[in-house]
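> A predicted structure for the sequence below; I have some questions about it.
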2 protein chains.
Amino acid sequence: MTAYQPRTEEMHFVLSRVLNAPAHLQALPAFAEVDGDLMQQVLDEAGKFVGEVVAPLNRAGDEIGAQWQDGQVTMPPGFRAAYQSFWQAGWPALSARTEDGGQGLPSVLEAMLYEILSGANHGWTMGPGILHGAYECIKHHASQELKDIYLRKLATGEWLSTMCLTEPHAGSDLGLARTKALPLADGRYALSGTKIFISSGDHDLTDNIVHLVLARLPDAPPGPKGLSLFLVPKFYPDGSRSQVHCDRIEEKMGLHGSPTCVMRFDGAVSHIIGEPGKGLNAMFLMMNSARLHVALQGIGLLDAAWQKADAYANERRQMRAPGQGKSAAEADLIALHPAMRRILDTQRAWIDAGRVLAYRTALELDLIAHGPDASTQAAAQRWCALVTPVMKAVFTHQAFHGGSDCLQVFGGHGYVREWGVEQNVRDARVAMIYEGTNEIQAIDLLVRKILPDGAQGLNALLDTVQAELTDLRHLPAATLERIARLRDITSSILQVGSQDVALPYRVADDYLRALALVLLDWAWLRIEASLDDEVPEVDQRWRLPARALRHWVLPEFDMRCQMITTQLQAD
Amino acid sequence: MTAYQPRTEEMHFVLSRVLNAPAHLQALPAFAEVDGDLMQQVLDEAGKFVGEVVAPLNRAGDEIGAQWQDGQVTMPPGFRAAYQSFWQAGWPALSARTEDGGQGLPSVLEAMLYEILSGANHGWTMGPGILHGAYECIKHHASQELKDIYLRKLATGEWLSTMCLTEPHAGSDLGLARTKALPLADGRYALSGTKIFISSGDHDLTDNIVHLVLARLPDAPPGPKGLSLFLVPKFYPDGSRSQVHCDRIEEKMGLHGSPTCVMRFDGAVSHIIGEPGKGLNAMFLMMNSARLHVALQGIGLLDAAWQKADAYANERRQMRAPGQGKSAAEADLIALHPAMRRILDTQRAWIDAGRVLAYRTALELDLIAHGPDASTQAAAQRWCALVTPVMKAVFTHQAFHGGSDCLQVFGGHGYVREWGVEQNVRDARVAMIYEGTNEIQAIDLLVRKILPDGAQGLNALLDTVQAELTDLRHLPAATLERIARLRDITSSILQVGSQDVALPYRVADDYLRALALVLLDWAWLRIEASLDDEVPEVDQRWRLPARALRHWVLPEFDMRCQMITTQLQAD
């Protein structure tokens, strides 16, 4: 089995050479001291920790998994020790504010950290993965009293958190949630109800767990506007245990290293966060960042599967490959067979483009928070609003379906546990569902974000994309044609959709894919532009996936347009 | 959890109404007495057995799985009893010849039986699934002495069999196999070597197991032409144990109900089957039938996933669906949401077309064996040679990727074991690999079958497909255009491929998909033609998947052609 190795050098190439991130960040007062060397250094240290400490635990995470007994969850061997080293080394605090005990570094470094953590050990990473949203939520919405107790603990990761949203009958539709919050005389609330699919609802990674819970006050209206947000820890500051119980954990297809808990709230005494009825607003604040992290899980997991397939294909020989001279060996390397070469190059094209787009989006998150002026912040907000759902959907899709292609490179050996690639595929599948299913991402993109402003935001995004390509030496005509076609199709959807309310929903998935392909093309043109001065052997590393993108990925664009056009003309 | 239910009525509709099978079969002397009523009756009985006896064991097959201890494999609870009922009821003998203890019924009934067995319990079905090839192999190649001992046992399924091909370093490339066969003084051979990935290498379903083993005589040339075929049972006729040992079973992504064995041959005394050096020929004899069975596994497993998703989507409510009037319930059925409707209709389009194509191919297998004249047999042979690899590749692909779409209908509930759909997806994945990987199917189709005769066979197949459409009332222009385009592209591949030996390998996967889409279109046009006289509500059952095929499946054809064209023009 080939263990996952963080490719920090390639990641840094994308960050500094393709995206020119150090210059962009240093222009912001908040990151005046963040130069390329510092980022490289952080990244190298992260790579070392992830490769040496987190990656080796992945197999046990799958095979032994999190175990539930008598209401207590025990994590797989080594998980707690690794997590304790992780937070004590300051990794969860990377981009938290310095005044809260954080390091105040840019989000993009945190994003890169989560890419490699997920590639190394998706299950383990679920623990800290949810922390950052909880930190932001408490920072921006909780009372000072709550902040005094919880903010630093979450900023540093000394304690971990949960997001308790889903209920047995309320999955994608949180408005159906029924958990009750009964006001107590002292201003606190007693929570009663059952939440399901709660990641890290119980575990032994940390000494305390902070639950953020959506619930309904007695006089709340039905639907999403009746939901408020509450905080209840596993242990109160006085050391007493709250009435929050883990009744069982789910048996899942994969991700066995992360306990997916059924949580019972038995009149659990809690604090409200923010205003009554504004619970969803408080949670949606960190949605872009959370969804970007899920996209990064996809990129990391796809890279993990790709690394294994690439190593295997360059080591194992089967049959003669066409057009190769007879070698001394009795068969040719799998990597020389065209069908396998195609898989390897195509998946690498996705991974590389994914990095460009994900790091760029993380840089835009930094601009939202620290941008010099309102128009910069608004542009960054637009990028994140539109690109994040695309990233979440296509890279979680690719981690599963493209990961399955990587499995195929192994033949029968891919289907057995030994090589680890089947675990990547099983683990990856959940990311297409959580944090908003991929179908909901598509609706979010088209119905909630693009159409309401008459596609002004989308056209502005496409202007940005296009403007960043005009300085390239070689700008393919097909690229500009695709952008123009997407604008046209968007305007047709606006027009037909004004008569047929279901139309945008029928085309949303295809539309998201079409926009994704425009973005992938942009990412690869940026990569190629940054290679102009490279030596030939470096260039070769990037030339094969670039070709695979043109030959086997981008042709999907026309197909998606055809599917949308059919719907536009349908009865 | 919704248990899989064989849809024998719909299957019989395809068989009798769409394919007019009873009339075709009765025209053959061998099946003069096989009328529609008999076939319906066999199918109903099969559905009853599969639904009541085999399907309920599927969950335990996954969760407990086959267990290895001290060289012995114990099958999951209930597996042996179900198999004993199965063979005693005559099911394995359905299409075996009457003189061998079989029932002499057409292959198409056996094909339909294996579709529903696989949908109900893929793991269990692996046991009898391999039997039919072994029966044919022994019938056509073994000595009378071997036939006297083994033929009836295999025809009836009283004993089960294996195919021992793969070795640790020889997967797709069987020519690399090294297992040795040392001639003994009495005309028998001592086999020594290790075989891996041997399905049902050991188990307790039957009292004996007959191993068919590829091995190399001492003077054999290297490569595939040095392989001979041998037979060695677990127990010899005198009751003594052979030196064939199961050293362990693999831990796999799925298919836990089927033991995948590492088999060690320690000078195991065996008989040769057929001539020395002709081992692969003997095994390839039954390849079309075996690959068709794998395609049917795909269809069955996709139907199993679809049935679960369909039931869930028509029971569970989440959010308002667009364009639906407000109902009294607080949310709409999942089935009313366009993205979910699309998944359900699209996967059903694949299942229905799969049945038409698979049953038709099985009917052609019957024509190969029992056709009235040489030209009928040759046409049937052509259909099977060309359509079988297509079926194997696309329906195993669809069972996994489309099965994953069905899983998506459940949201988070699809990822947990409870509903059973994630097991279908895990189980299905292996079928893309075994019996020749899907990439090898594509090479088989294009490089080995279509190009060598200058595409004469392919054009003859397309003539047949086209001729069977000309009597339709509505024949879409796009259908004829696709057929014409496929002919053109084939001739371009022939031309360019004569200069560039690797070209056909680069386009083989896309080519197989393009041909598959032409065949799917044909299948659906046949279905629709057979509906002309149906009542409206029956028509509605078929109208939705027919539309899904046109809207979301067939557009892939142009994309595949574009991908091929790019390669034709590439350097």
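Perfect, I can see it now.

> contacts, neighbours, all on C-alpha from now
Noted.

> How many neighbouring residues does whichever residue of the stretch 201-350 of chain A sits closest to chain B have?
Residue nearest to chain B within the stretch 201-350 of chain A: A:K252 (4.2 Å; C-alpha to the nearest C-alpha). A:K252: 22 surrounding residues under other C-alpha atoms under 10 Å in any protein chain shown.

> does it really touch B:R417, like I thought?
Yes. Proximity of A:K252 to B:R417 meets the contact threshold set by C-alpha atoms under 8 Å, at 5.5 Å.

> Walking through the stretch 401-550 of chain A, point out its helices one by one.
A:412-415, A:421-429, A:438-443, A:456-467, A:477-497, A:503-530, A:536-548 (DSSP state H, counting those that start in this stretch).

> helices or strands next to the longest one in the packing?
Taking 3 or more C-alpha pairs under 8 Å, 6 or more residues apart in numbering or on different chains; DSSP states H and E as the contact definition, the neighbouring helices and strands of helix A:503-530 are helix A:338-370, helix A:374-409, helix A:438-443, helix A:477-497, helix A:536-548, helix A:556-569, helix B:338-370.

> what about the last one, average pLDDT?
Put plainly, it is helix B:338-370. What helix B:338-370 shows for mean pLDDT is 97.

> Equivalent analysis for the fourth one, please.
Predicted confidence along helix A:477-497 averages 97 (mean pLDDT).

> Which other helices and strands does it contact?
helix A:456-467, helix A:503-530, helix A:556-569.

> OK, contacts around whichever residue of the stretch 351-500 of chain A sits closest to chain B?
Here the residue of the stretch 351-500 of chain A nearest chain B is A:V416; by C-alpha to the nearest C-alpha that distance is 4.2 Å. For A:V416, the contact set (C-alpha atoms under 8 Å, 6 or more residues apart in numbering or on different chains) comprises A:E422, B:E250, B:E251, B:K252, B:M253.

> Which of those ranks first by neighbour count?
A:E422 (27 neighbours).

> Contacts only, for it.
Contacts of A:E422 (C-alpha under 8 Å, 6+ apart): A:S404, A:L407, A:G414, A:Y415, A:V416, B:M253.

> Poorly predicted segments of chain A, please.
Residues of chain A that meet the criterion pLDDT under 70 lie in A:1-2, A:532-538, A:571.

> make it 90
Judged by pLDDT under 90, chain A has its weakly predicted residues at A:1-3, A:169-175, A:281-289, A:323-330, A:470-475, A:531-540, A:570-571.

> Can you give me the domain assignment for it?
Listed by automatic domain parsing, the domain ranges of chain A are A:8-141, A:160-279, A:286-569.

> Turn these into CSV, columns for distance to B:V496.
Below are the domains of chain A laid out as CSV (distance: least, C-alpha to C-alpha, whole Å):
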stretch, distance to B:V496
domain A:8-141, 38
domain A:160-279, 45
domain A:286-569, 14
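
> Closest to the centroid, which residue in chain A?
A:V294 (1.8 Å; C-alpha atoms, centre = their mean).

> Relative to B:P76, how far out is that one?
Applying C-alpha to C-alpha, to the nearest Å, the value for A:V294 to B:P76 is 38 Å.

> Pull the contacting residues for A:L446.
Contacts of A:L446 by C-alpha under 8 Å, 6+ apart are A:P504, A:A508, A:Y511, A:L512.

> nearest to A:C384, of those?
A:L512 (14.4 Å; C-alpha to C-alpha).

> I figured the closest one was touching A:V390, is that so?
Yes. Counting by C-alpha under 8 Å, A:L512 does reach A:V390; the two are 6.0 Å apart.
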